[in-house]
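1. please find the sequence and the predicted model below.
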Amino acid sequence: MSAISVDNVWKEYGDQIVLENVSIEVESRSFIALVGPSGCGKSTFLRMLLGQERPTRGTILLDGQPLPSEPGRDRGVVFQKYSVFPHLTALGNVLVGKELTGSRITGKLFGAARKAAVEEARAMIVDVGLSGAEQKYPAQLSGGMQQRLALAQALLMRPKVLLLDEPFGALDPGIRTEIHQLMKRLWHETPMTVVMVTHDMREAFTLATRVIAFERRRDRPEEKLRYGATITSDIPIWPPRRAGVVATS
Ligand SMILES: Nc1ncnc2c1ncn2[C@@H]1O[C@H](COP(=O)(O)OP(=O)(O)O)[C@@H](O)[C@H]1O
Ligand SMILES: [Mg+2]
């Protein structure tokens with residue numbers, strides 16, 4: 001489950017070719033780290049996996065099926081900032097996905113369904129290390145806590161694929177180490193495939209099963225629009241990491 005198959009994908013915005021000829025087979029339960037210079041199309045690629053953008057050419061399959069044309073609950077996402085809603089409490093933020101899919105009409109859950117969802121959300125908040133913060137608003141939480149909350153929010157929907165766009169990039173180094181431990185544990189314990197964009201090579205090698213680099217093969221100013229970025233290296237981590245198999249490193 002949750003294998004991703006990207007075949008000869010191109011993405012153009014108007015005259016600008018952003019990505020060209022991107023092909024990759026991602027095994028289920030992998031943790032892919034995506035690195036590359038600023039502006040080379042990493043976020044664009046992630047948005048295509050999310051279903052927010054469509055490839056100009058080529059296909060993306062999730063478990064052998066074409067991606068639905070809209071973001072859905074099988075794909076969760078965490079951005080560097082603004083993944084959580086400022087006007088909802090921590091508990092409200094974790095619940096919001098369930099509320100919106102649980103009842104399309106009222107946006108509310110009732111009775112036993114709500115009780116179960118609240119219990120699950122509370123457990124998830126504890127699981128990401130935020131117990132006691134259930135009634136706080138994002139502005140009352142530190143950056144690291146907000147990103148923990150964003151992870152809890154995404155994970156409550158049990159996504160098959162978790163997409164992370166530089167989620168820890170704005171955090172202080174000490175906090176980052178802690179949240180890396182959390183991220184690792186969540187990946188081991190949750191049946192999901194992770195694709196994470198990062199600027200930080202150490203982070204890539206700490207967390208991933210495979211590190212993918214995007215780069216433009218031709219990067220002179222006059223070539224910038226005519227040539228997109230593509231996968232220029234694909235490095236499996238050694239010794240191999242396996243989801244659910246916790247090693248010492
Ligand atoms: N919605 C859009 N419309 C037009 N151009 C875009 C859009 N989104 C991204 N781009 C362009 O695509 C290129 C890649 O952007 P992005 O995917 O954000 O790069 P990265 O995440 O690697 O820094 C940039 O030149 C950016 O200006
Ligand atoms: Mg980006």
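-> Cool, the structure landed. Ligands and ions are numbered 1, 2, ... in the order given.

2. isn't residue 36 right up against residue 219?
-> No - if you go by C-beta atoms under 8 Å, residue 36 and residue 219 don't touch, sitting 11.7 Å apart. Placement of C-beta: from N, CA and C, glycine included.

3. neighbour-wise, which of the two wins?
-> Neighbours per residue, other C-beta atoms under 10 Å: of residue 36 and residue 219, the larger number sits with residue 36, 21 against 12.

4. quick check, residue 70 in a helix?
-> No - looking at residue 70 with DSSP: H, G, I helix; E, B strand; the rest coil, it is coil, so not inside a helix.

5. just give the nearest non-adjacent residue to it, would you?
-> Leaving out its chain neighbours, the residue that sits closest to residue 70 by C-beta to C-beta, 6 or more residues apart in numbering is residue 51, at 5.5 Å.

6. now the element after the lowest-mean-pLDDT helix or strand in the chain, going C-ward?
-> Least confident helix or strand, the chain: helix 90-102 with a mean of 88, by mean pLDDT, DSSP states H and E. The first helix or strand that comes after helix 90-102 along the chain, using DSSP states H and E, is helix 111-127.

7. quick check: buried residues in that following helix?
-> For helix 111-127, the neighbour count (16 or more other C-beta atoms under 10 Å) marks 114, 117, 118, 121, 122, 124, 125, 127 as buried.

8. now it, how far from the centre of its chain.
-> Mean C-alpha position of helix 111-127 versus that of the full chain (C-alpha atoms, centre = their mean, to the nearest Å) differs by 22 Å.

9. so the next helix or strand after it versus helix 111-127, what angle?
-> From helix 111-127 onward toward the C-terminus, using DSSP H and E, the following helix or strand is helix 143-155. Helix 143-155 and helix 111-127 meet at an angle of 140 degrees, taking axes from the mean of the first three to the mean of the last three C-alpha atoms, to 10 degrees as the criterion.

10. let me see the mean pLDDT of helix 143-155.
-> Helix 143-155 shows a mean pLDDT of 97.

11. try stretch 37-56
-> Mean pLDDT, stretch 37-56: 96.

12. what does it rub up against?
-> The contact list for stretch 37-56, computed with C-beta atoms under 8 Å, 6 or more residues apart in numbering, reads 4, 9-12, 18-19, 22, 34-36, 60, 67-72, 75, 77, 161, 163, 165, 195, 197, 214-216, 228-229.

13. which of those are buried, as a PyMOL select command?
-> Burial among those is assessed by 16+ other C-beta under 10 Å; the matching PyMOL selection reads:
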select buried, resi 4+9+10+11+18+19+22+34+35+36+60+67+71+72+75+77+161+163+165+195+197+214+216+228+229
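
14. read off the pLDDT value for the residue in the chain sticking out farthest from the centre.
-> Ranked by distance from the centre of the chain (C-alpha atoms, centre = their mean), the top residue is residue 222, with 33.1 Å. What the model reports for residue 222 is a pLDDT of 80.

15. adding distance to ligand 1, write the buried residues of helix 111-127 out as CSV.
-> As requested, these are exported to CSV (distance: C-beta to the nearest ligand atom, whole Å):
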residue, distance to ligand 1
114, 37
117, 34
118, 36
121, 31
122, 34
124, 28
125, 30
127, 29
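
16. with the residues you listed in mind, which one is nearest to residue 29?
-> Ranked by distance to residue 29 (C-beta to C-beta), these are led by residue 127 at 19.1 Å.

17. wait, residue 26 touches residue 7, no?
-> No - using C-beta under 8 Å, residue 26 is not in contact with residue 7, being 11.8 Å away.

18. who's more crowded, the two?
-> The neighbour comparison of residue 26 against residue 7 (other C-beta under 10 Å) goes to residue 26, with 22 against 15.

19. quick check: nearest residue in space to that one, chain neighbours excluded?
-> Of all residues not flanking residue 26 in the chain, residue 4 sits nearest, at 4.1 Å (C-beta to C-beta, 6+ apart).
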